[in-house]
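**Student:** Task: produce atomic coordinates for the following.
(chains A and B)
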Amino acid sequence: GAVVSQHPSWVICKSGTSVKIECRSLDFQATTMFWYRQFPKQSLMLMATSNEGSKATYEQGVEKDKFLINHASLTLSTLTVTSAHPEDSSFYICSQRGLAGWDRETQYFGPGTRLLVL
Amino acid sequence: QQPVQSPQAVILREGEDAVINCSSSKALYSVHWYRQKHGEAPVFLMILLKGGEQKGHEKISASFNEKKQQSSLYLTASQLSYSGTYFCGTTTDSWGKLQFGAGTQVVVTP
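**Tutor:** Next up is the predicted model:
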């Protein structure tokens, strides 16, 4: 498996402010991490793939200038929601793959960050 | 394209069995099953790679029919702890992106 942490677990902010969410790999280095968003009672939607040392790959319909992803080290990826608005309120979850063999095909999720924009 | 899960919801009494299905219109490489409890992130249960393997996790097992592009998750002798929303995730190639189904809510009552 893989152990992933996220910080903060909860954030409430005013509309127009920016929020940074951290995703850390705790047990081994991760060159790739994934960011998902989940609205209430809905499924998980992949937002972007974070690649260490290079630009993130964003899914269609996700604004790269609004959701800034930085993967500056092999254990840390950050997602910054810029100029957040109430419609950005959601559950943001990061994940990484396992280390070897079939486990590399699997994604393990962090505990998630719940964002509420007032 | 998102895989299709059925049923949307199921209510069980403790000890009863249930089956959750996941199907895709695309040729699949792998099927992943996760359980998400309210307010928490999804937890990995198992992965099935093409080849029709069946895997188990406690009293939860799954099968993958790659000819039909279908997978089923079997909850046997359900326990209260099995309550949650179950998601299947599928990939079409190795290390591919996970596409998640809409989820199946499972409620196990005493």
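**Student:** count of residues packed around residue 40?
**Tutor:** With no chain named, the answer covers chain A. Close neighbours of A:Pro40, defined as other CB atoms under 10 Å in any protein chain shown, add up to 7. Using the backbone N, CA and C atoms, a C-beta is placed for each residue, glycine as well.
**Student:** The chain in question should be chain B.
**Tutor:** 14.
**Student:** ok, it touching A:Arg114?
**Tutor:** No - judged on CB atoms under 8 Å, B:Glu40 makes no contact with A:Arg114 at a distance of 10.6 Å.
**Student:** Relative to A:Asp27, how far out is the residue nearest the centre of chain A?
**Tutor:** Closest to where the C-alpha atoms of chain A average out (CA atoms, centre = their mean) is A:Trp35, at 3.3 Å. A:Trp35 sits 19 Å away from A:Asp27, going by CB to CB, to the nearest Å.
**Student:** how close does the residue of chain A positioned farthest from its centre sit to chain B?
**Tutor:** Using CA atoms, centre = their mean, the residue of chain A lying farthest from its centre is A:Gly101. It sits 24.2 Å away. For A:Gly101, the distance to chain B (CB to the nearest CB, to the nearest Å) stands at 11 Å.
**Student:** For that residue, give me the pLDDT.
**Tutor:** At A:Gly101, the predicted lDDT confidence score is 77.
**Student:** Also B:Leu49?
**Tutor:** With respect to pLDDT, B:Leu49 scores 87.
**Student:** right, and it touches B:His32 too?
**Tutor:** No - if you go by CB under 8 Å, B:Leu49 and B:His32 don't touch, sitting 10.0 Å apart.
**Student:** Which one's more surrounded, the two?
**Tutor:** Neighbour count, other CB under 10 Å: between B:Leu49 and B:His32, B:His32 has more, with 23 against 17.
**Student:** Output the set of residues of chain A in proximity to chain B.
**Tutor:** Proximity of chain A to chain B (CB under 8 Å from any CB of the partner chain) is limited to residues A:1, A:34, A:42-46, A:49, A:93, A:97, A:102, A:104-112.
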